[in-house]
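Trainee: Provided below are the primary sequence and the corresponding predicted coordinates.
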Amino acid sequence: MAYENIIFEKRDHIAYLTFNRPERRNAIDPPTQIEVWDALNDFRNDDDSWVVILTGTGDQAFCAGADLKWRTENPDQSPPWLPNYQSDIDRIGPAGALPTEIWKPMIAAVNGFAVGGGMEMTLHCDIVIASEHAQFGVPEIRHAGGLPGGGGIFRLPRQVPYKVAMWMLLSGQYMSAQYMHNVGYVNEVVPHDKLMETAESYARLLTANPPIGVQTSKEVALRSLDLPLDHPRTAWEYLWEGTTAKMRNSEDSQESRRAWLEKRPPVFHNR
């Protein structure tokens, strides 16, 4: 599809998805959400795209969440959210919800405010790089008497310490990039002019590894996250069942071992 509100590019196994509504602090209205889902499904299904970087245009905001002006500006239109979006990878959900079961690495390059649905999108990512002036928050309770409906209320307590998650959810206050780095949510805080350079360096390190191995590692880690380790043995059983067989028996896995033994850079083909 033709994109009007995002920029979607691919280079050297890396996809770039940029929210491009700086006049609205890159807030997500329904047309933008449809574009985001289309682009991420394109990335998920493209065997030549191994990592995606999400960022926003400008230096004010990564994404300010849902565009609250859209409803008043479009009173006769209904948002395209579908029932059960949380359990179906192809059913579009509200701002902050993204397609699930993307086992390829996702990197957020946060260049300002990542709040509401913007914060929720970073919760979908595996790596977060933030500029020094970035801020994170789920202000729904403070601004609308609500809660993060795109999945943030579930994901936040799983990704930051419980007390931090509850303060953010119950107060709606914003947290600085340095604070979120201190609690382990942000991987690295950098000057704004180094943001994309740093995010790309992380992406290139990931593309230097066999993509099947990277994707399998992410899938097993996420699918087994809330499963017990030994009683019953579901997590370990999942690790050694069919999901990882495709990695262990892949051409890339064999190439990785050969290259290490031969002391040369590996050449991967995602097979």
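Mentor: Cool, got the structure.
Trainee: flag the shaky bits of the stretch 101-250 of the chain, pLDDT-wise.
Mentor: The stretch 101-250 of the chain contains residues with pLDDT under 70 at 231-236, 238-239, 241-243.
Trainee: what segments of it are helices?
Mentor: For the stretch 101-250 of the chain, applying DSSP state H, counting those that start in this stretch gives helices covering 117-124, 140-143, 152-159, 162-171, 177-182, 195-207, 211-223, 234-240, 242-248.
Trainee: who wins for proximity to residue 106 among these?
Mentor: Proximity to residue 106 (CB to CB) singles out helix 117-124 among these, at 6.2 Å. The way it works is simple: take the backbone N, C-alpha and C, and place the C-beta from them, glycine included.
Trainee: how is the protein partitioned into domains?
Mentor: Following the assignment in automatic domain parsing, the chain carries domains at 6-206, 210-262.
Trainee: reformat those as TSV; add mean neighbour count and distance to residue 271.
Mentor: Shown next, in TSV, are the domains of the chain (neighbours: other CB atoms under 10 Å; distance: least, CB to CB, whole Å):
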stretch	mean neighbour count	distance to residue 271
domain 6-206	19	9
domain 210-262	14	5
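Trainee: for the closest residue to residue 21 other than its chain neighbours, what are its contacts?
Mentor: Excluding the flanking residues, the one nearest residue 21 by CB to CB, 6 or more residues apart in numbering is residue 5, at 5.5 Å. Residues in contact with residue 5, defined by CB atoms under 8 Å, 6 or more residues apart in numbering, are 19, 20, 21, 29, 31, 32, 35.
Trainee: kindly report the same for residue 44.
Mentor: 99, 101, 102, 104 are the contacts of residue 44 under CB under 8 Å, 6+ apart.
Trainee: quick revisit: which one of the contacts of residue 5 sits closest to residue 110?
Mentor: The closest of the contacts of residue 5, once distances to residue 110 are taken by CB to CB, is residue 19, at 11.2 Å.
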